[in-house]
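**Q** Below is the sequence, then the predicted model.
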There are 2 protein chains.
Amino acid sequence: MTHTLVPSDLVEGTAVYGRDGEKLGTIERLMLEKTTGAVAYAVVRHSGFMFSNTHHYPVLWNSLKYNSQRRVYEADLTLAEMQAGASELDGDAFDWGNRAPPYAPPLYWGT
Amino acid sequence: MTHTLVPSDLVEGTAVYGRDGEKLGTIERLMLEKTTGAVAYAVVRHSGFMFSNTHHYPVLWNSLKYNSQRRVYEADLTLAEMQAGASELDGDAFDWGNRAPPYAPPLYWGT
């Protein structure tokens, strides 16, 4: 049986892997457009060695494909591509809530 | 400054009040359409006296208005109307994941 819906709290905490199999991070939350209820993007948390240097990256929902066997999301980008885009260093007072369109889309968001 | 986006984990746990001011419950999670990333509905948990008789109700996203002063959502329905619609008794194996359209919309969902 195939479900067409997924609970938000199941998405949160799910791992994301890149095109080349490298782990990109974990979905920390989804950012929703208040009026339409559309997911603008997922916030992916990536931690460095020993949890140092944690960053949060926006990844578009439609770039994420759920792999039900592995129970992870697979994204059509690499860690390097994700890191080349917009990010928020953990603890910074970056205003994610205001990152609504129009914003400068990272390179990897494509067209 | 007005934000157009809201984080999913901030929505989860937020109280919902009805048209007549009565508390309808708390948003437990959002159900998202996998392909489009659109919020199909919020799952509102309502507990009876001493947390007995807990039910979960689907409430459409566009029926919820956020009140930033009170920090709660306000819905254009009453508790009685919500309870007259579809629900899942806590602990039942009701298949929420499969409640995608087409499903029988509860009365209060309107047109």
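**A** It's in.
**Q** contacts and neighbour counts: CA atoms only from here.
**A** Noted.
**Q** All the strands of chain A, in order from the start?
**A** Per DSSP state E, chain A carries strands over the ranges A:5-7, A:15-17, A:23-33, A:39-46, A:55-59, A:64-67, A:72-75, A:88-89.
**Q** Pull the distance from stretch A:9-22 to the chain's centre.
**A** Averaging C-alpha positions (CA atoms, centre = their mean, to the nearest Å) puts stretch A:9-22 8 Å from its chain's average.
**Q** try stretch A:5-24
**A** On CA atoms, centre = their mean, the centre of stretch A:5-24 falls 8 Å from that of its chain.
**Q** That stretch close to chain B?
**A** Yes. Stretch A:5-24 comes into contact with chain B (CA under 8 Å from any CA of the partner chain), by way of A:L5, A:V6, A:P7, A:S8, A:D9.
**Q** what does that stretch contact?
**A** A:25-30, A:44, A:46, A:71-79, A:82, B:8-9, B:29-34, B:40, B:97-100 (CA atoms under 8 Å, 6 or more residues apart in numbering or on different chains).
**Q** can we see that at 6 Å?
**A** A:25-29, A:72-79, B:29-34, B:97 (CA atoms under 6 Å, 6 or more residues apart in numbering or on different chains).
**Q** Can you report how many residues lie near the residue nearest to A:V43 when sequence neighbours are not counted?
**A** Distances taken as CA to CA, 6 or more residues apart in numbering or on different chains put A:P58 closest to A:V43, at 4.8 Å, once the chain neighbours are dropped. By other CA atoms under 10 Å in any protein chain shown, the residues close to A:P58 number 25.
**Q** With A:L10 instead?
**A** A:L10 has 12 neighbours, counted by other CA under 10 Å.
**Q** Let's see the pLDDT reported for it.
**A** What the model reports as pLDDT for A:L10 is 90.
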